[in-house]
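Q: Just need the structure, nothing else, for what follows:
(one chain, ligands or ions: 1)
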Amino acid sequence: MLDVIAIGEVLIDFTPAGRSAGGNEQFECNPGGAPANVAAALSRLGAKSALISKVGEDQFGSLLHNTLLGSGVDVSEVSYTKEASTTLAFVHLDDIGDRSFSFFRKPGADTFLQSEDVPLERIESCKALHFGSLSMTHEPARTATKTAVLKAKESGVLLSFDPNIRFALWKNREEARENIFWGMNYADILKISEEELSFITGTSDVEKGSLELQQQFDIKLIVVTLADKGCYYRLAGQDGYVPGFKVKAIDTTGAGDAFLGCLLYKILENGSSLHELTSQQMISMLTFANAGGALVTTRKGALGSMPTTDEITRMIES
Ligand code: ADP
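A: Numbers count the residues shown, from 1 in each chain. Coordinates of the predicted model:
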């Protein structure tokens, strides 16, 4: 039985890697995609995770398959398609490691995921399904993602959602908003950044914004990621801030995914339902997640750079 299934985009990030002797910009090729990163973070820690997605029949599709396998992710639901090339994203990093993206030929292979590709029996018997809103930017992947989420909900599987707002990738903002709200309607766990929360709720007060979302959507656990400041969480009846770790960040790609993978790992390891978790348990889990997120920012890339339990423990104890 699988612990966690992630559904959604898997792609190659081309990350800036300085300039050649002749002055041309160079790029490193890093496998990524938020749900793929979450699956990799989980399996690096020892959970059984799988990804449901599609790659192109090209060298990048094979690279993604191999990198996922190398991280321990079950790739039996990552199929090759002739319909499109593997999604390729160019990452632009600013001085403090924050990034923006541009794409080579969208829609890519992962947007061609179909409902028939969704393994309903595997979803029914897993412990948690993770999804984001980016796999809902195009059909048929949007319907396929919704099919998986509805099956998980009906089967009582824990649902984890990351809105992952990237408006540049949506045809229009209304459609983006609609899909993000759709996701929040089904989420048991919502991982959201400070900027996303402020965009959705119209307030920059994370306590007020998260309370509004919890009341509106009945989400059991909301975690707001605050970059180097760590995170804020809200469960029914308790909330609090958990400080982050001081590191020298060089590339923040995948920090939120590592953070979420670590948190899901700890929640499943604990085994209690979310409403039973004490504030002490929440702080311990989120400290682990903050350390996982921080470690990823000290490395280039995401999918292949997820931290191990030992690395996280060392960071917490140092
Ligand atoms: P997202 O990637 O979802 O936008 P963040 O950038 O807030 O989210 O990063 C997710 C988590 O990773 C943070 O909550 C924090 O634990 C960790 N993190 C991110 N950036 C840093 C940083 N510069 N220093 C230390 N920890 C970081």
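Q: near the ligand at all, stretch 150-164?
A: No: Stretch 150-164 does not reach the ligand (Cβ under 6 Å from any ligand atom); its nearest approach is 7.2 Å. The C-beta positions use only the backbone N, C-alpha and C, and glycine is treated the same way.
Q: can you give me the end-to-end distance of that stretch?
A: Stretch 150-164 stretches 20 Å from its first residue to its last (Cα to Cα, to the nearest Å).
Q: Can stretch 87-97 be said to contact the ligand?
A: No: remark: stretch 87-97 sits outside contact range of the ligand, by Cβ under 6 Å from any ligand atom, the gap being at least 7.0 Å.
Q: Go through that stretch and flag the buried ones.
A: 87-91, 93, 97 (16 or more other Cβ atoms under 10 Å).
Q: where does the nearest residue to residue 120 once chain neighbours are set aside sit relative to the ligand, distance-wise?
A: Spatial nearest neighbour of residue 120, chain neighbours left out: residue 151 (5.2 Å); criterion: Cβ to Cβ, 6 or more residues apart in numbering. Distance, residue 151 to the ligand, using Cβ to the nearest ligand atom, to the nearest Å: 26 Å.
Q: could you dump the buried residues of stretch 87-97 to a markdown table with pLDDT, distance to residue 190 and secondary structure?
A: Shown next, in a markdown table, are the buried residues of stretch 87-97 (pLDDT from 0 to 100; distance: Cβ to Cβ, whole Å; DSSP: H, G, I helix; E, B strand; the rest coil):
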| residue | pLDDT | distance to residue 190 | secondary structure |
| --- | --- | --- | --- |
| 87 | 93 | 25 | strand |
| 88 | 94 | 29 | strand |
| 89 | 88 | 24 | strand |
| 90 | 86 | 29 | strand |
| 91 | 76 | 25 | strand |
| 93 | 71 | 27 | strand |
| 97 | 63 | 25 | coil |
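Q: and which of these is nearest the ligand?
A: For the buried residues of stretch 87-97, the closest approach to the ligand (Cβ to the nearest ligand atom) belongs to residue 97, at 7.0 Å.
Q: on that earlier part again, what's near enough to touch the residue nearest to residue 120?
A: Taking Cβ atoms under 8 Å, 6 or more residues apart in numbering, we find residue 151 in contact with 118, 120, 123-124, 157.
Q: quick revisit: including distance to residue 230, could the buried residues of stretch 87-97 go into a markdown table?
A: Below are the buried residues of stretch 87-97 laid out as a markdown table (distance: Cβ to Cβ, whole Å):
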| residue | distance to residue 230 |
| --- | --- |
| 87 | 31 |
| 88 | 33 |
| 89 | 27 |
| 90 | 30 |
| 91 | 24 |
| 93 | 22 |
| 97 | 17 |
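Q: List the buried residues for the longest helix belonging to the chain?
A: Identified as the longest helix of the chain according to DSSP state H is helix 279-297. Neighbour counts over helix 279-297 (16+ other Cβ under 10 Å) mark 282, 284-297 as buried.
Q: Return the member of these nearest to the ligand.
A: residue 293 (2.2 Å).
Q: For the closest residue to residue 244 other than its chain neighbours, give its distance to the ligand.
A: Counting by Cβ to Cβ, 6+ apart, residue 244 lies nearest to residue 230, which is 3.3 Å off, once chain neighbours are set aside. Plainly put, residue 230 is 5 Å away from the ligand if you go by Cβ to the nearest ligand atom.
Q: ok, residue 230 - how many residues close by?
A: 21 (other Cβ atoms under 10 Å).
Q: Show me where the stretch 1-150 of the chain has its strands.
A: Taking DSSP state E, counting those that start in this stretch as the test, the strands found in the stretch 1-150 of the chain are 4-7, 11-19, 25-32, 49-56, 78-81, 87-93, 99-104, 128-132.
Q: just for the stretch 1-150 of the chain, where's the confidence low?
A: 1-2, 96-99 (pLDDT under 70).
Q: host element of residue 198?
A: If you go by DSSP states H and E, residue 198 is part of helix 194-201.
Q: What residues sit buried inside the helix or strand following that helix?
A: Following helix 194-201 in sequence order, the next helix or strand is helix 206-217 (DSSP H and E). Neighbour counts over helix 206-217 (16+ other Cβ under 10 Å) mark 206, 209-214, 217 as buried.
Q: Tell me which other helices or strands the next helix or strand after helix 206-217 touches.
A: Going down the chain from helix 206-217, the next helix or strand is strand 221-225, by DSSP H and E. Counting contacts by 3 or more Cβ pairs under 8 Å, 6 or more residues apart in numbering; DSSP states H and E, strand 221-225 is packed against strand 189-193, helix 194-201, helix 206-217, strand 231-235, helix 255-270, helix 279-297.
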